[in-house]
Every structure is written in C-alpha cells, then in structure tokens.
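[1] How does the following fold in three dimensions:
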Amino acid sequence: MKIDWSFLRLVIFCFACAALLTYYPISEFATSEIIHGIIAGGVMSFINLLLGYVAIEISYERSHTTFLKFVLGGMVLRLMFMWGTLLVLIGFYHFHSASLMLSLLFFYIMNLVLEIFYLQKRVSSKK
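    Residues are numbered from 1 along each chain as shown. Alright, predicted model coming up:
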C-alpha cells in the first residue's frame, strides 16, 4: 500500500487550522467536560478518515465493483463504528453530548470534504 503523504499533511493541516481557530473561544468559555467532548469528536472523526483512506488505498488497484464495495461498504461499517462509539461515550462515560455531537459533525463534514477531494484526485490520476 502506497502512502500519500501530501494528503495526510493536508489532513493534519486542516485539523491544526481548526484547532487554532477554535482555541481561544473554547479555552475562554468551555468547561473541561466540553473540551473532552470536542477532543473525543475530533479523534473519532480522524480515525474515521484514516480508515476511509486505508479502504481507498487497498481497493484502488482492483476492479470498479470491488472498489465501490470497499469504499461504500466501508463507509457503512465506519458509520456503524462511530455510532457505537458515540453511544458508549455518552451512555457509559457520560461525555458532554452536545459538544461531542457538534464537534463530531463539524469534523465529519471537514473530513468528508477531504475524503472526496482525495477520491477525486486518485480517480483522475488513474485515467
């Protein structure tokens, strides 16, 4: 499996920018409970993105059908994994639900845009 370091640098850059932009408001107005929820949402979304990246890389050289099965099937499995993790964090560990859900939503949308960008880049390089 070939690692695309430029894409991973872009992901880290986007996470760093999001952290820098939200550092002051969060540090001034949020409690430690809210900060833990935000960090957990970011980590969950980052793991989700890495799993999606691995699915793309593993299935890239295979047939179109296999590629779609890996990417779309993997998306379903990743969403189920995130849903289960979310239930555990809120139900058993009593994370702040609003901060966890909102940060997860924000990071998920950001990572979805990055994943689509990467897919488009890989598909256009294949042609």
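[2] Can you tell me, leaving aside adjacent residues, what's nearest to the most centrally placed residue in the chain?
    Note on the chain: the residue nearest the mean C-alpha position is residue 45, at 3.0 Å, using CA atoms, centre = their mean. Closest residue in space to residue 45, ignoring its immediate chain neighbours: residue 107 at 3.4 Å, by CB to CB, 6 or more residues apart in numbering. Quick note: C-beta positions are derived from backbone N, CA and C, even for glycine.
[3] can you pull the contacts of the one you found?
    Residues counted as contacts of residue 107 (CB atoms under 8 Å, 6 or more residues apart in numbering) are 15, 18, 41, 42, 44, 45, 46.
[4] Those residues, buried ones only, as a PyMOL selection?
    Listed next is the PyMOL selection for buried residues among these, using 16 or more other CB atoms under 10 Å:
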select buried, resi 15+41+42+44+45
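[5] Just the ones in helices from the contacts of residue 107, please.
    Within the contacts of residue 107, residues falling in helices by DSSP state H are 15, 18, 41, 42, 44, 45, 46.
[6] Which of those residues sits closest to residue 115?
    Nearest to residue 115 among the ones in helices among the contacts of residue 107: residue 45, at 10.7 Å, using CB to CB.
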